[in-house]
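Novice: quick one: sequence plus predicted model below, questions after.
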Amino acid sequence: MRMVDLIEKKRDGHELTKEEIYFAIEGYTNGDIPDYQMSALAMAIFFQDMTTNERAELTMAMVKSGDQIDLSAIEGVKVDKHSTGGVGDKTTIALAPLVAAVGVPVAKMSGRGLGHTGGTIDKLEAIPGFSVEITTQQFTELVNKNKLAVVGQTGNLTPADKKLYSLRDVTATVNSIPLIASSIMSKKIASGADAIVLDVKTGSGAFMKQLDQSKQLAQAMVEIGNRLGRETMAIISDMNQPLGYTVGNALEVKEAIEMLRGGGPDDLRELCLTLGSQMVFLAKKAASIEEARQQLENAIADGTALEALKVFIEAQNGAPSVVDHPETLPEASYKVEVLAKQAGTVSAIVADKIGTAAMLLGAGRATKDSEIDLAVGIVLHKKIGDSVRAGEAIATLHANQENVSNVIEMVHAAYSFTDGPIDKPTLIYDEIH
Ligand code: URA
């Protein structure tokens, strides 16, 4: 088999066979196929697309390029949740203990990663003492006992995806539905879950800005998952403004705790209940989505979800007292209000800009070796549809630096105002099965 023939076949719009896809992925991972040929194939896929069969084979070839996590020692149906990423997305911190409280085993492997804030692990590490450095055996035991554990990424998962993603980044081939879908799904499938709930974001702060593109991506991932024997569904949710009011690691943990206490922002609670009821249903802990939702609402109301969070934190050496005393989480030295320059109704908050502003304060990593400051971030006071008086605070910066004038300007640049009323944006656009 020759790579040049595969490139030509895809360039001309034909379907690659399983053997051809494995030849390309194995050869590229072990260095036999050079970057320039893989780039050409990625570009051919970008223009010619892939069939559902090809997408599933590509996903599996990437899964098989590295280790696969075996969760078979964990009892019950393991359901994973994946979000395509957004600003202020602290869903996992609230959702994991929430579904664990109703008996769904959550065996979460998480990363740090680059971005506006840290990843789930960084956020959890804002809790004093919390550690994700647990052995595989401890991980299994904790999930069996408490229904929830989070471990840092171990092993060599999907090396083909890592190499191909870096190549796509510099060859203008990231934005391709078959390549994105197989990239995300390869990581989910290698992580060992039996069923997968996807939260595909749409809007200005999302990877996919247009609703129809987000639906296509969701459809592609759901098809891959189901074809590969993992029951998969997707929710399409809004990212035209940050989720909730907080952006920043400790600040987001605080907001997640408030939600589990029965308060917190409406959008965060609604998203957690929507995703959570799908997880509970897929885990076969409820006969219908409505029943699943009722179980989750009860777990918030009677305090079992909050208790599950405390048990989880304590089991991983963290201080469970943060749940009752969130003021003991890391706190920034300076609080600086951002004041509205004009009166009006908030018509848009460009989530990416708020994310970048949080990163400028030190909440996220610009490169993989950057240190992050867990205490800093932004608390929004106004969201789309809210009215604002001139001079009123639209946000508060939590900073560990005195000079934040550039961050203030960035927050101003994120907000747009209009006269007259504006509807609150839709939160859940669709669900895809
Ligand atoms: N996220 C991924 O993991 N892969 C992609 O290709 C795009 C976004």
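Specialist: Structure received. Given the structure is predicted, the values throughout are model-derived calculations rather than measurements.
Novice: could you use CA atoms for every contact and neighbour count after this?
Specialist: Will do.
Novice: so which bits of the stretch 51-200 of the chain are right by the ligand?
Specialist: Within the stretch 51-200 of the chain, the positions adjacent to the ligand are 174, 179-180, 183-184 by Cα under 6 Å from any ligand atom.
Novice: just give me the least confident of those residues.
Specialist: Checking pLDDT across these, the minimum falls on Val174 at 92.
Novice: that residue against Ser182, yeah?
Specialist: No: using Cα atoms under 8 Å, Val174 makes no contact with Ser182, being 11.6 Å away.
Novice: looking at the two, which is more packed in?
Specialist: When neighbours are counted by other Cα atoms under 10 Å, Val174 and Ser182 differ, and Ser182 comes out ahead with 26 against 19.
Novice: so who does the more buried one touch?
Specialist: Ser182 makes contacts with 55-56, 58-59, 221, 224, as judged by Cα atoms under 8 Å, 6 or more residues apart in numbering.
Novice: what does Ala332 give?
Specialist: Contact criterion Cα under 8 Å, 6+ apart gives 375-376, 398-400 as the residues in contact with Ala332.
Novice: tell me which entries of the residues you listed lie within helices.
Specialist: Secondary-structure check on these using DSSP state H: no residue lies within helices.
Novice: for those, which one is nearest Asp352?
Specialist: For the contacts of Ala332, the minimum distance to Asp352 (Cα to Cα) is 17.0 Å, reached by Val376.
Novice: what separates that closest one from Ala363, distance-wise?
Specialist: Relative to Ala363, Val376 is positioned 6 Å away (Cα to Cα, to the nearest Å).
Novice: OK, now which residue of the protein is nearest to the ligand?
Specialist: Here the chain gets closest to the ligand at one residue, Ile180, 3.5 Å apart by Cα to the nearest ligand atom.
Novice: skipping adjacent residues, who's closest to that residue in space?
Specialist: Nearest non-adjacent residue to Ile180, counting by Cα to Cα, 6 or more residues apart in numbering: Val174, 6.9 Å away.
Novice: so who does that neighbour touch?
Specialist: Residues near Val174 by Cα under 8 Å, 6+ apart: 165, 168, 180.
Novice: what packs against the strand or helix carrying the second one?
Specialist: Translated: Arg168. Arg168 is part of helix 159-169, with elements assigned from DSSP states H and E. Counting by 3 or more Cα pairs under 8 Å, 6 or more residues apart in numbering; DSSP states H and E, the packing neighbours recorded for helix 159-169 are helix 18-29, helix 35-48, helix 52-63, helix 177-190.
Novice: just the CA atoms of the first one, as CSV, please.
Specialist: C-alpha atoms of helix 18-29 as CSV (Å, rounded to 0.1, in the frame of the first residue of the first chain):
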residue,chain,number,x,y,z
LYS,A,18,-10.6,0.1,7.0
GLU,A,19,-7.2,-1.2,6.0
GLU,A,20,-6.2,2.0,4.2
ILE,A,21,-7.2,4.1,7.2
TYR,A,22,-5.3,1.9,9.6
PHE,A,23,-2.3,2.0,7.2
ALA,A,24,-2.3,5.8,7.3
ILE,A,25,-2.8,6.2,11.1
GLU,A,26,-0.4,3.5,12.1
GLY,A,27,2.2,4.7,9.7
TYR,A,28,1.9,8.3,10.7
THR,A,29,2.0,7.5,14.5
